[in-house]
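Colleague: build me a structure from this.
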Amino acid sequence: MSVDHYENFPVASWLCPPALRAPIAAIYWFARTADDLADEGDAPAAQRLADLAGYRADLAAVLAGQAASPRWPQVFEPLARAIRQHALPAQPLHDLLDAFAQDVVKQRYADRAELLDYCRRSANPVGRLLLHLYGVGDERSLRHSDAICTALQLINFWQDLSVDTVRGRLYIPESDCARHGLSSAELLARADSPIVRSFVRGECDWARALMLEGAPLAHRVPGRAGWELRLVVQGGLRILDRIAALDFATLRQRPALRALDAPVMLWRALRMRQGPTALAGSAA
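Modeller: This next block holds a predicted model:
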């Protein structure tokens, strides 16, 4: 299963161990549905927050071994099975809901610390839940997983700049904009310029550095899951290549992976080595 909406979330691919496909899919649909409650349709903010509160109440119920409401059976029935069978930790699931609720009310980020705090709740819980299923829980692995997930989230922000600005939303550190002499109004007006592209280049460099920091995790996740993680890492890096190929003009155009990118990603995944220079060849 590929991901089209909650885009950088690897879900139950053919490389995933078959026994884990159901719980991974359950986590995905939990996150995907909550994301839709926060983001999709025309409901006012108050209704979105009320729906998310009801969703959280159902999460609390299944975590306590109780029945959820009948509102989202396609989500909470498989999630309840995954919780029972795999003892999924509660905090990452709650953290995801915190991030989605924040999406309803917050559309600006003052600095990198604020944006990283959002990523800590919107992206990192996914990696931690997957590591739990894979039986990996040491501190170094968790730290590297957080770096990969945060990098994927940031890459998605730079990739979606043309989409988010149309919606009046900016997942960018305003302090970084200020250092380039940019204002939020210029970005929201989609006024492309060399300064904007220099800004995007710097943000992409930040995301790439985080991805390289976390990439050694692929050598510690066992079996087929480790190979899937290699492809996840290479997919994120390839999107950065695509952004660079556009001369960082993502305020005008959204880059996407194409079929011809698959052999490149596979070759780079096969050549990944342990160590800080393992992915140096991935830069555009």
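Colleague: the stretch 1-150 of the chain: helices as residue ranges?
Modeller: For the stretch 1-150 of the chain, helices defined by DSSP state H, counting those that start in this stretch occupy the ranges 18-39, 45-63, 73-86, 90-105, 112-122, 124-134, 139-159.
Colleague: and residue 229, how far from residue 166?
Modeller: According to CB to CB, to the nearest Å, residue 229 stands 33 Å off from residue 166. Quick note: C-beta positions are derived from backbone N, CA and C, even for glycine.
Colleague: so which of the two has more stuff around it?
Modeller: residue 229 (28 against 11; other CB atoms under 10 Å).
Colleague: residue 214 contacts residue 146, doesn't it?
Modeller: Yes: using CB atoms under 8 Å as the test, residue 214 is close enough to residue 146 to be in contact (7.2 Å).
Colleague: domain-wise, how is the chain divided?
Modeller: The record's domain parsing of the chain by automatic domain parsing lists 13-105, 107-278.
Colleague: quick one: secondary structure of the nearest residue to residue 161 once chain neighbours are set aside?
Modeller: Distance criterion CB to CB, 6 or more residues apart in numbering; nearest residue to residue 161, sequence neighbours excluded, is residue 250 at 4.4 Å. The three-state label for residue 250, taken from DSSP: H, G, I helix; E, B strand; the rest coil, comes out as coil.
Colleague: just to check, residue 250 is in contact with residue 244?
Modeller: No: counting by CB under 8 Å, residue 250 stays clear of residue 244, with 10.3 Å between them.
Colleague: the two - which one has more neighbours?
Modeller: Remark: of residue 250 and residue 244, residue 250 carries more neighbours, 25 against 16, as counted by other CB under 10 Å.
Colleague: may I have the predicted confidence score for that one?
Modeller: Per-residue confidence for residue 250 comes out at a pLDDT of 97.
Colleague: low pLDDT regions in the stretch 101-250 of the chain?
Modeller: Along the stretch 101-250 of the chain, the model assigns pLDDT under 70 to no residue.
Colleague: and residue 186, how many residues sit next to it?
Modeller: Neighbour tally, residue 186, other CB under 10 Å: 16.
Colleague: quick check: it is in a strand.
Modeller: No: counting by three-state DSSP, residue 186 falls outside a strand, being helix.
Colleague: measure it to residue 17 for me?
Modeller: According to CB to CB, residue 186 stands 47 Å off from residue 17.
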